[in-house]
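S.K.: Predicted model, plus sequence, below.
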Amino acid sequence: MSIKVENITKFYGEQKALDNVSFSIDTGQIVGFIGPNGAGKTTMMRIITGFLRPSSGRVLVNDVDSANSLEVRRMIGYLPENNPLYYDMYVREFLSFVAGLYKIKDRKKQVDRVIEMTGLGPEQHKKIGQLSKGYKQRVGLAQAIIHDPQVLILDEPTSGLDPNQIIQIRDLISDLGKEKTVMLSTHIMQEVEAICHRIIIINRGRIVADDTPQTIHERVKEKTMTFVVEFDAQVDEAQLVAIDGVDSVRSIGQNRWLITSQEDIRRKIFDFAVVNNIAVLSMDMKKKSLEEVFHELTQGEKK
């Protein structure tokens with residue numbers, strides 16, 4: 001067991017930021033930790049890394065209590081949300097400095113390795129303050145992995161990256177997740193679906209969902225099914241409305257229709273096409289996006 005969170009509660013004064021939160025993450029898992037702003041994500045990550053103490057409960061990282069923060073920090077690579085860096089230091093100089101803090105023997109070899117892994121090669125001889133936001137983010141990720149940690153805690157790891165850079169960093173995180181425990185927070189739902197084996201959704205300091213992306217989708221049942229259908233010939237709206245089970249019909253292009261129903265009517269649409277001697281060129285049943293599922297799971301209760 002890499003991370004075990006047991007009944008964590010955290011107060012800031014009288015405000016409860018985390019409310020009896022428990023979960024565990026195994027080695028080789030990439031877990032997306034998502035929630036609205038102010039839900040408690042960053043507080044939870046800071047407690048896991050030992051930068052904050054909980055009001056009650058405990059966190060174990062490889063069976064070591066996070067209260068023993070120095071030992072835990074040796075096992076964790078942490079990329080915080082604000083990514084604090086020394087802007088007056090050169091990239092290589094900074095990474096060598098961080099390697100020294102971890103007492104890495106062959107600093108140059110390790111610095112070379114993380115520069116290659118994070119794509120910092122073209123910018124390695126620049127001062128950090130001269131870098132774009134995307135490259136600064138890469139430096140933050142490089143310092144998080146320079147000591148080859150067993151656990152990675154990444155808060156918005158692709159913030160500020162362009163689309164090509166995002167793909168590269170996603171691939172890197174996926175590779176790291178094969179042997180390490182990775183917990184990442186992000187507001188980019190496509191990122192969660194692309195690389196995470198599991199999603200934990202937190203809202204108002206409580207876990208509201210913890211499962212695979214597919215299972216979380218299934219938890220939020222579709223009240224109305226939507227079908228996008230394309231025929232090879234012209235069809236009258238009245239004909240489609242007459243199909244048993246159809247609630248509404250809307251044209252969205254030449255011979256293309258948006259059809260809604262409270263049930264799965266795909267077979268009825270095919271039967272309609274056969275009876276009218278036309279072909280169905282394509283038919284897709286639209287499902288809720290992860291953004292919609294996330295919204296539905298977190299928009300509820302008021303305090």
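M.R.: It's in. Residues are numbered from 1 along each chain as shown.
S.K.: Could you chop the chain up by domain?
M.R.: As recorded under automatic domain parsing, the domains making up the chain are 3-219, 225-286.
S.K.: So which of these is nearest Gln299?
M.R.: With CB to CB, the closest approach to Gln299 among these belongs to domain 3-219: 8.7 Å. Any C-beta I mention is one placed from the backbone N, CA and C, and that applies to glycine too.
S.K.: avg pLDDT for that closest one?
M.R.: The pLDDT scores in domain 3-219 average 92.
S.K.: How far away from the center of its chain is that domain?
M.R.: From the chain centre to the centre of domain 3-219 is a distance of 11 Å (CA atoms, centre = their mean, to the nearest Å).
S.K.: where's Arg53 relative to Ile269, distance?
M.R.: 59 Å (CB to CB, to the nearest Å).
S.K.: The residue positioned nearest the centre of the chain: what's its closest spatial neighbour, skipping adjacent residues?
M.R.: In the chain, the centroid-proximal residue (CA atoms, centre = their mean) is Val192; its distance is 3.1 Å. Of all residues not flanking Val192 in the chain, Gly32 sits nearest, at 3.9 Å (CB to CB, 6 or more residues apart in numbering).
S.K.: ok, now Phe11?
M.R.: According to CB to CB, 6+ apart, the nearest residue to Phe11 is Ser55 (4.7 Å).
S.K.: Now do the one you found against Pro80, distance only.
M.R.: Ser55 is 21 Å from Pro80, by CB to CB.
S.K.: The helix or strand harbouring Val5: which residues count as buried?
M.R.: Using DSSP states H and E, Val5 sits in strand 3-12. Using 16 or more other CB atoms under 10 Å as the test for burial, strand 3-12 gives Ile3, Lys4, Val5, Ile8, Lys10.
S.K.: what does stretch 36-45 give?
M.R.: Neighbour-count burial for stretch 36-45 [16+ other CB under 10 Å]: Pro36, Ala39, Gly40, Lys41, Thr42, Thr43, Met44, Met45.
S.K.: before we move on, what about stretch 227-236?
M.R.: Phe227, Val229, Glu230, Phe231, Val235.
S.K.: my guess is Leu18 meets Lys41, correct?
M.R.: No - between Leu18 and Lys41 there is no contact under CB atoms under 8 Å: 9.9 Å.
S.K.: that older thread, turn the domains of the chain into JSON lines, columns for distance to His295.
M.R.: Shown next, in JSON lines, are the domains of the chain (distance: least, CB to CB, whole Å):
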{"stretch": "domain 3-219", "distance to His295": "9"}
{"stretch": "domain 225-286", "distance to His295": "16"}
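S.K.: Could you look over these and pick the most buried one?
M.R.: The highest mean neighbour count among the domains of the chain, using mean count of other CB atoms under 10 Å, belongs to domain 3-219: a mean of 18.
S.K.: which residues in the stretch 201-303 of the chain form strands?
M.R.: Here the stretch 201-303 of the chain has its strands, by DSSP state E, counting those that start in this stretch, at 206-211, 225-231, 246-253, 256-261, 280-286.
S.K.: Quick one: list the elements packing against the third one.
M.R.: In this case it means strand 246-253. helix 237-241, strand 256-261 (3 or more CB pairs under 8 Å, 6 or more residues apart in numbering; DSSP states H and E).
S.K.: Give me the phi and psi for the nearest residue to Ile278 once chain neighbours are set aside.
M.R.: With CB to CB, 6+ apart as the criterion, Ile278 has its nearest non-adjacent residue at 4.6 Å, and that residue is Ala233. Main-chain torsions, Ala233, degrees, to the nearest 10: phi -150, psi 170.
S.K.: what's near enough to touch Ala233?
M.R.: Residues in contact with Ala233 (CB atoms under 8 Å, 6 or more residues apart in numbering) are Asn255, Ile278, Ala279.
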